[in-house]
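Asker: the following block contains a protein sequence and its predicted model.
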Amino acid sequence: MASSKIHTTKKLEKLVKKLITTDQKTDSGILGKWNATVFYVDRKKCWLITNGLTKYNVILTDIKSSDLSNIEQIFKEALFGQLIFDGILTDFETLNLIIGGLDFLPTDNDRSTTGFQNQRLYELDFWKNDFGKLENMPINDLTNRMNGSPIHIGKGRKMSDYTDSIEEMKKILMK
């Protein structure tokens with residue numbers, strides 16, 4: 001069974017030390033690797049997890065250290081819920097097989113994805129002012145806005161190189 005690699009930022013790595021593995025042998029499956037970073041809303045830890053291939057985002061909110069033992073299930077449920085919200089219809093069993101287990105790894109210094117995540121968190125900062133508290137934030141809706149933002153995939157500058165994360169994720173999952 002494939003497992004999904006999630007590279008953490010240095011900040012997140014410090015918070016989840018016991019989850020970090022350095023075993024790089026696993027195949028990361030059709031979705032490739034993910035990158036995760038931590039951010040705070042109302043002093044609550046939230047994770048932004050971004051797929052390297054599609055730049056598809058998933059937000060996990062209010063993650064406490066007691067949640068770490070169950071983080072695989074929390075991530076899969078959040079991803080599944082976000083996919084459904086974004087109109088990417090799949091069933092949980094299929095997603096579960098695609099994701100497999102989770103391997104948390106130290107940072108891979110993927111500057112492109114880190115810059116992308118920082119831009120999304122910058123946008124999120126503006127949006128969260130509309131809602132105040134974390135409990136009032138429609139996380140799926142805000143993540144949908146992120147996933148619907150135009151992104152550039154490819155080397156050229158043609159309009160056809162621009163897409164959004166939802167379309168890219170559909171291409172992979174709807175095969």
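Answerer: Structure received.
Asker: so what's I151 bridging to?
Answerer: Judged by DSSP bridges, the bridge partners of I151 are T163.
Asker: which residues does the longest helix along the chain contact?
Answerer: Secondary structure of the chain per DSSP state H: the longest helix is helix 111-128. Outside of helix 111-128, the residues within contact range by Cβ atoms under 8 Å, 6 or more residues apart in numbering are 9, 35, 37, 39, 41, 48, 50, 52, 55, 57, 137, 142, 145-146, 149, 151. (Glycine included, C-beta is placed from N, CA and C.)
Asker: C-alpha coordinates for that helix, CSV please?
Answerer: Presented in CSV, the C-alpha positions along helix 111-128 are these (Å, rounded to 0.1, in the frame of the first residue of the first chain):
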residue,chain,number,x,y,z
ARG,A,111,10.6,27.0,-1.9
SER,A,112,8.0,27.1,-4.6
THR,A,113,5.4,25.3,-2.4
THR,A,114,6.4,27.3,0.7
GLY,A,115,6.0,30.6,-1.2
PHE,A,116,2.6,29.3,-2.4
GLN,A,117,1.5,28.5,1.1
ASN,A,118,2.7,31.8,2.4
GLN,A,119,0.6,33.6,-0.2
ARG,A,120,-2.5,31.5,0.7
LEU,A,121,-2.0,32.3,4.4
TYR,A,122,-1.7,36.0,3.5
GLU,A,123,-5.0,35.8,1.7
LEU,A,124,-6.5,33.9,4.6
ASP,A,125,-5.5,36.6,7.0
PHE,A,126,-7.6,39.1,5.0
TRP,A,127,-10.6,36.8,4.9
LYS,A,128,-10.5,35.8,8.6
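Asker: pLDDT weak spots in this protein?
Answerer: Residue ranges of the chain with pLDDT under 70: 1, 24-27, 154-157, 159-160, 175.
Asker: which residue, other than its chain neighbours, is closest to E72?
Answerer: Distance criterion Cβ to Cβ, 6 or more residues apart in numbering; nearest residue to E72, sequence neighbours excluded, is L102 at 4.9 Å.
Asker: burial measure for the closest residue to L142 other than its chain neighbours, as a count.
Answerer: The shortest distance from L142 to any non-neighbouring residue, by Cβ to Cβ, 6+ apart, is to W127 (5.5 Å). By the criterion of other Cβ atoms under 10 Å, W127 has 14 neighbours.
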